[in-house]
Structures are given as structure tokens and as C-alpha cells.
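J.: need a 3D model of the following:
(2 chains)
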There are 2 protein chains.
Amino acid sequence: MKLASLKQGRDGHLVVVSKDLTKYTDAGHIKPTLQAALDDWDIAAPKLAQLAEEIEVGSVPTERFHEHDCDSPLPRAYQWADGSAYINHVELVRKARGAEVPESFYSDPLMYQGGSDSFLGPRDAIPLKDKAWGLDFEAEVCVITGDVPMGASREAALDQIKLILICNDVSLRGLIPNELAKGFGFFQSKPSSAFSPVAVTPEALGPAWKDAKLHLPMLSTYNGKAFGKPQCDVDMTFDFGTLVAHAAKTRPLGAGSIIGSGTISNRDPDGGAGKPVADGGLGYSCIAEIRMIETIRDGQAKTPFMDVGDTIRIEVKDTAGHSVFGAIEQEVVKA
Amino acid sequence: MKLASLKQGRDGHLVVVSKDLTKYTDAGHIKPTLQAALDDWDIAAPKLAQLAEEIEVGSVPTERFHEHDCDSPLPRAYQWADGSAYINHVELVRKARGAEVPESFYSDPLMYQGGSDSFLGPRDAIPLKDKAWGLDFEAEVCVITGDVPMGASREAALDQIKLILICNDVSLRGLIPNELAKGFGFFQSKPSSAFSPVAVTPEALGPAWKDAKLHLPMLSTYNGKAFGKPQCDVDMTFDFGTLVAHAAKTRPLGAGSIIGSGTISNRDPDGGAGKPVADGGLGYSCIAEIRMIETIRDGQAKTPFMDVGDTIRIEVKDTAGHSVFGAIEQEVVKA
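T.: Below you'll find the predicted structure:
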């Protein structure tokens, strides 16, 4: 099934959406919000699944589904932890500054604790106060979990993956070096993220969800031009079971925890760093990566970070070309 | 007024507590949970304040208040960001390893993004899986905010401080070096924190809340012995207005955000590192600090980190000796 939160109050209003994203039916009589459904998933999920079936056979009243009416599926969440599962991305960051990737990075996931109290909606503008902050998008896949006990194995963690969605993990590149140098990780450099209009159960993804990875390309369109189309399953060093178990190593995760993959990034088939889409490559899921390629190749970055008026569209389409999660589409505005 | 959340479901049940912490009255008819009250504070707060007055004059039914019936005031929260406002603590950490404190640390607050989906209650045991993880307590003061707009000034941030409480920011010292070396900040090294039974409005603190600091000592009792009694207002380089504004620099903070002070730490009156309570000093608010003192003084740390069976009690008393927030009292148990 596919679930969405129409904009309403702080937590949205829960609806069930048709497979093709054209229709929805109200689910407020089952649970008012997605968080409430996740808090009581074993009871709520079968009822929501029943509604999803009824939409497909036309036995419940539906309304036209508009993605721009949506908030992020969890407009605010209790936990947002973002991995960095695509080591190609990490290798490029390091290579651009002439540093090695530590061996442990291939066995121990990188993950940062994100802020989750004020997400942007999938069509909300991104407010930018200062161009020097170096605004960037990051296209990612995420999962929403049920309750994960502390110390859960990968397999136990996998059982708790309830929903999959996509994310624009907005980053302020200009603030990252100073912030990381302070030693406490990201804070001001990671403002509010935005998520896809729709969150989808693993079952509803069918063969596209296998081995705890999404087997579809992540499509980033920057200012109307194709910017990236890497495969989400390729070069993903850590699958979602491993990422969730990593997050739960020393504490339980509460229902409704969102765990991200980090920026999707593929190597070229020849093993080199990926080429831009314009040069026949799979492109990138963030501006920082094309800047690293430019730096490695030309000695300096040429593509600027985002400024007021720039737009980013992030979407995943299935093999038939249908949007799976709906599109994140955001414009940068002056804060 | 003083508010608490009795243990019930995921978010507790909101009650108003008497000034002396002996009685409470139900507030579920105003708002079922503290988060719900914070979401609608301008409407809820006057009604809750009215109840608080009625408790004091005896015009509402009350029950005996037991701190051990309490969950943390927000059993789970949307935002938990912890500063490191006591530079003495940072100076000691650095001194113990022979490093300088960067000049910027005196003007730009250190803050880490904490996980907020699964707090411990004030009397809940702390589960420890592996002694080598180096379990430590950290006694801190925290504030809970209303909605803070992105880019709020210190003064605007101050207006949004709705409640004050105390915290045991549980830390796994053995996991910190490797985790910080990875560059993404704390994650597994910061498991679930616990908060005091009661959260208190700035008004109810009277003269003890001044200049956005708490002017009372933080009392830590470790295994039944006095371990620390530093003044929360002394050597606090950044006040809570500054800390909240720092957290809101690049994004808004949602109602119910918890912002922490970091470990309370005072210098000695002679300007040196603080002495242990047993030596006539004000002691420490975490084990790491006494270990640093031992390392600087004797060349090696002698006090071990916490193990199964160890207990920590954290409390703030007013000038008349009454507990202000109730006590955090936790025992370490085998996970």
C-alpha cells in the first residue's frame, strides 16, 4: 500500500493513495496521522491495506490525489538518522581533498544523527538566508521503522522496515567544514529535509525491493535538466537492514524512526568516478559530487551551489515509467 | 507551574504538580500529553497555570505525587540538541590529551544533535551491554521551547523558553573516540538520555532563573556519595538564549524542542580545574571529568566508568533545600 499525509496541522492527515497515485481515500477513521498508525502498526496496517485494496477495486469513495497537497509523510518525526551507504560518494569527497578512505569505512557504516522536528513538505520552498552557506540537495532513499529493540540483528531490523520513501537531505556545504572541524558532527549545516509525497510498503514495491535495497534509479532533475540517474541498489555498501541495526546498536529505535541511505552514488561501469549525464554517465544525486569530479578533473569546481530561483526535482520511476513515491520538487527562495 | 508526565503509553499522561512535589492533579482534560500542551501552549498554559494555583489553595482534588511513577516529561521528543556551554569541561578534555582549545570555542557554541525517540524515565534503569563501552552519566540543565523561527535572535529565542528541567545525558565514553574520528559526530556513543520527573516554568523558578541561566547547584550523588555540586550559572559561557538561537540558526525549532547545556562544570575559585568533593571542591557532573583530573594530576585515570549495579542520583535543590525538579535516580543493569 501507499500512504500519504495531506497538509493539516503539525502532523498532517493520513490518507491511503492508489498504486498509480491518481486517487486517495481518507484513513482518518483508522488513525488520524501516520505517526499514530506506526505507533499501533500491527492493528492499523491490515486495516489500511484493506482500504488500499478497496481503492483499486473502486469500492470506497476516492478523491483526486494532488502531490502538492501533501506534507512529508511524517511532517515531524522522533528520529531521523542518515547513513552514508554509498562509499563511492565518500571516496570522491576524500579524493577531491587528497585523503584516503579508512579501511573501517567499508565495514562500519557512517551515520549522522539528523534533526527531525521541522521537515519541509515535498513541494515546499527551501529558504536560503546566505548564498555563502552553499545550499545543496541530496537525493536519498529512506525507510520508516516500527519499534526496533536495542541490539537488534540485521534480520530483526529488516522485519521492522514498514515503509520506504525518498528524501531531499538539504545540506549547507559552506557550513560543513567548520562544523565538522569542531568535532561534534553536523548541526547548522543540515537544515530541514523534505520527503516524497508518498511512503510505500516493501510488499507494494514488489521486485523493486530486494535484499533490503531499492532496485530502481534515483532521478534528479536540476533546473529542468537531467542531473542524475544512478541505480539505488548499485554500489550500496550497506543495505537497510544493516543501517537500521547500526542505528539500534546501543538504544532502541521508536516506531516512526526514519533511516536514510545517504546520497545515491554509482561508479562508472569501468570503475572510475561517475560521469555527468551530459557526457553519457549516470550523473549525480548532489551538486557536491559534480564539483568533486570537476576538482579532480580540472583542478577546480565550476558548478555553483544552489541559489534563489534554482529548482530540484527528485523522483523514482518504476520499470514502466510510473512515479513510485511521487516527486519532491522544491525551489530555493530568499529566507 | 510544575508539570509531569505519569507513565502511560508512549507519551505519558499530563499532570500538574504542586510546588513542593507532594501532590498532583490530572490535566488530561486540558491536554492529554505535554507535547500536546506545547503544540498549543498559548491556549493550554494559562489553563494549566490556573490548575497549579488551585492545587496550592486546595480547590481541586489531588493525589500523592510519586516521582517513580513519572516518565520523562517528554518521553519522546521531536528535537533534542545538546550544547557544551561549560568551557571548563572542554578545556579539561583537551588538557588531558595535551591539546589547545580553539579560540572560536569561546564565541561559537559547541552543540550536537541528539536522538530523541526513546528517552528513559527518571527512575528507569540504564541498560549496559558491554562494560568496555565506558558508561558515564552527565548532569545537565535543559530547556523546552515553543516554536522558534529560523534565524531567531537570542532575545526572540529567550521568549520561547517554556520549561526548564534537568537531564542525565548518558554517554558511552569507550565508543566516542572512534565515532568522532569518523567525522560525523556522536551516534552510538549517545544512547537514551533520562530527564527529571518534573519540568518547571521560568516564572516558577523565581530568582533562581536569571539571565537565562539556572542559579542553583547541580547535585550528583554517585553510589550514595556526593560526587558533584557545581553552580549551574557559574562558568556557563553560553546562556540558554544563545544556545537556542544557535540551534535555530538555519532552521526553525518545533514546539517541544529540548536544548541542553552540556555537563555542568565549575573551575576552582583559584581558577584551576575543580577539585573532587572529597578534597573540599565542588566536584564533577560526570565521571570523565574526574578521570581527566586524575590523568592531569597522576598521569592516569583511576575512577572507573559505570558498571552493573552502580547508581547515579541527579537533583537540584533550592536555597531552602527543597527539590526543584525531582530527582533522576538510575541504576545500571545488564542489557
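J.: which residues of the stretch 151-300 of chain A fall in strands?
T.: A:161-168, A:171-172, A:194-195, A:198-200, A:209-210, A:213-214, A:218-222, A:225-228, A:258-260 (DSSP state E, counting those that start in this stretch).
J.: so which of those gets nearest residue B:226?
T.: strand A:258-260 (41.8 Å; Cβ to Cβ). Where C-beta positions appear, they are placed from N, C-alpha and C, glycine not excepted.
J.: mind listing the strands the closest one pairs with, and their directions?
T.: strand A:80-83 (parallel), strand A:139-145 (antiparallel) (DSSP bridges).
J.: please identify the most buried of the strands of the stretch 151-300 of chain A.
T.: strand A:194-195 (a mean of 29; mean count of other Cβ atoms under 10 Å in any protein chain shown).
J.: so does that strand get close to chain B?
T.: No: using Cβ under 8 Å from any Cβ of the partner chain, strand A:194-195 never reaches chain B; the gap is at least 11.9 Å.
J.: which bits of the stretch 151-300 of chain A sit near chain B?
T.: A:151, A:172, A:175, A:180, A:182-192, A:246-247, A:249-257.
J.: for the worst-scoring helix or strand of chain A on mean pLDDT, which outside residues touch it?
T.: The helix or strand of chain A with the poorest confidence is helix A:87-96; it has a mean of 82 (mean pLDDT, DSSP states H and E). Helix A:87-96 has contacts (Cβ atoms under 8 Å, 6 or more residues apart in numbering or on different chains) with A:84, A:100-101, A:105-106, A:110, A:235, A:237, A:262-263, A:265-267, A:273-274, A:286, A:288-289, A:291-293, A:295-296.
J.: so which of those residues are in helices?
T.: Using DSSP state H, the members of the contacts of helix A:87-96 that fall within helices are A:288-289, A:291-293, A:295-296.
J.: one step back: which among the contacts of helix A:87-96 end up buried?
T.: Among these, those buried by neighbour count (16 or more other Cβ atoms under 10 Å in any protein chain shown) are A:84, A:105, A:110, A:235, A:237, A:262-263, A:265-267, A:273-274, A:286, A:288-289, A:291-293, A:295.
J.: returning to what we had before: past the least confident helix or strand of chain A, which element shows up next along the chain?
T.: strand A:111-113 (DSSP states H and E).
J.: does that next one reach chain B?
T.: Yes: using Cβ under 8 Å from any Cβ, we find that strand A:111-113 touches chain B at A:111-113.
J.: ok now that strand, how far from the chain's centre?
T.: Distance of strand A:111-113 from the chain centroid (Cα atoms, centre = their mean, to the nearest Å) equals 14 Å.
J.: mind listing residues that contact it?
T.: Strand A:111-113 has contacts (Cβ under 8 Å, 6+ apart) with A:81-84, A:185-186, A:190, A:243, A:246-247, B:112-115, B:184-187, B:190.
J.: hmm, 7 Å instead?
T.: A:81-83, A:185-186, A:243, A:246-247, B:113-115, B:184-187 (Cβ atoms under 7 Å, 6 or more residues apart in numbering or on different chains).
J.: who are the packing partners of whichever helix or strand comes after it?
T.: Counting by DSSP H and E, the next helix or strand C-terminal to strand A:111-113 is strand A:126-128. Packed against strand A:126-128 by the contact rule (3 or more Cβ pairs under 7 Å, 6 or more residues apart in numbering or on different chains; DSSP states H and E) you find strand A:328-334.
J.: chain neighbours aside, what residue packs nearest to the residue of chain A found nearest chain B?
T.: Nearest residue of chain A to chain B: residue A:185, at 1.7 Å (Cβ to the nearest Cβ). Distances taken as Cβ to Cβ, 6 or more residues apart in numbering or on different chains place residue B:185 nearest to residue A:185, at 1.7 Å, with adjacent residues excluded.
J.: what residues are up against that neighbour?
T.: A:112-113, A:184-186, B:112.
J.: ditto for residue A:25
T.: Here residue A:25 is in contact with A:15-16, A:51, A:55, A:60-62 (criterion: Cβ under 7 Å, 6+ apart).
J.: among the residues you listed, name the ones in helices.
T.: A:51, A:55.
J.: can you narrow the contacts of residue A:25 to ones near chain B?
T.: When contact is defined as Cβ under 7 Å from any Cβ of the partner chain, these do not meet chain B at all.
J.: tell me how many other residues crowd the closest residue to residue A:253 other than its chain neighbours.
T.: Spatial nearest neighbour of residue A:253, excluding adjacent residues (Cβ to Cβ, 6+ apart): residue A:148 at 4.0 Å. Using other Cβ atoms under 10 Å in any protein chain shown, residue A:148 has 26 neighbouring residues.
J.: pLDDT score for residue A:148?
T.: pLDDT recorded at residue A:148 is 98.
J.: residues contacting it?
T.: A:157, A:160, A:244, A:248, A:252-253.
J.: identify the farthest-apart pair in the ones in helices among the contacts of helix A:87-96.
T.: A:288 and A:296 (12.6 Å).
J.: any chance of the ones in helices among the contacts of helix A:87-96 in TSV, with distance to residue A:74 and pLDDT too?
T.: Putting the ones in helices among the contacts of helix A:87-96 into TSV (distance: Cβ to Cβ, whole Å; pLDDT from 0 to 100) gives the following:
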residue	distance to residue A:74	pLDDT
A:288	26	94
A:289	27	94
A:291	31	94
A:292	31	91
A:293	34	90
A:295	36	89
A:296	37	85
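J.: the residue sitting nearest the centre point of chain A bridge partners, please.
T.: Taking Cα atoms, centre = their mean, the centroid of chain A lies closest to residue A:167, which sits 2.6 Å from it. Beta bridges link residue A:167 to residue A:140, residue A:195, judged by DSSP bridges.
J.: I figured it hits residue A:190, correct?
T.: No: using Cβ atoms under 7 Å, residue A:167 is not in contact with residue A:190, being 11.8 Å away.
J.: out of the contacts of residue A:25, which are buried?
T.: Buried, going by 16+ other Cβ under 10 Å: A:15-16, A:51, A:55, A:60, A:62, out of those.
J.: now for those residues: which two are most distant?
T.: Most distant of the buried ones among the contacts of residue A:25, by Cβ to Cβ, are A:15 and A:60, 11.3 Å apart.
J.: just give the closest residue to residue A:115, not the sequence neighbours.
T.: residue B:113 (5.5 Å).
J.: and the one you found, what's its pLDDT?
T.: Residue B:113 is given a pLDDT of 98.
J.: run a quick neighbour tally on it.
T.: Residue B:113, neighbours per other Cβ under 10 Å, totals 27.
J.: that one pairs with what?
T.: Beta-bridge partners, per DSSP bridges, of residue B:113: residue B:81.
J.: do the same with residue A:219
T.: Here residue A:219, judged by DSSP bridges, has bridge partners residue A:315.
J.: so what's it up against?
T.: Counting by Cβ under 7 Å, 6+ apart, the residues that residue A:219 touches are A:229, A:315-317.
J.: same list (these) but as JSON lines, adding pLDDT and neighbour count.
T.: Formatted as JSON lines, these follow (pLDDT from 0 to 100; neighbours: other Cβ atoms under 10 Å in any protein chain shown):
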{"residue": "A:229", "pLDDT": "97", "neighbour count": "19"}
{"residue": "A:315", "pLDDT": "98", "neighbour count": "19"}
{"residue": "A:316", "pLDDT": "98", "neighbour count": "26"}
{"residue": "A:317", "pLDDT": "98", "neighbour count": "16"}
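J.: picking up where we left off before, just the buried residues of the residues of the stretch 151-300 of chain A next to chain B.
T.: A:172, A:175, A:180, A:182, A:184-192, A:246-247, A:249-257.
J.: phi first, then psi, for residue A:12.
T.: phi 70, psi 180 (degrees, to the nearest 10).
J.: I appreciate the help and will end here.
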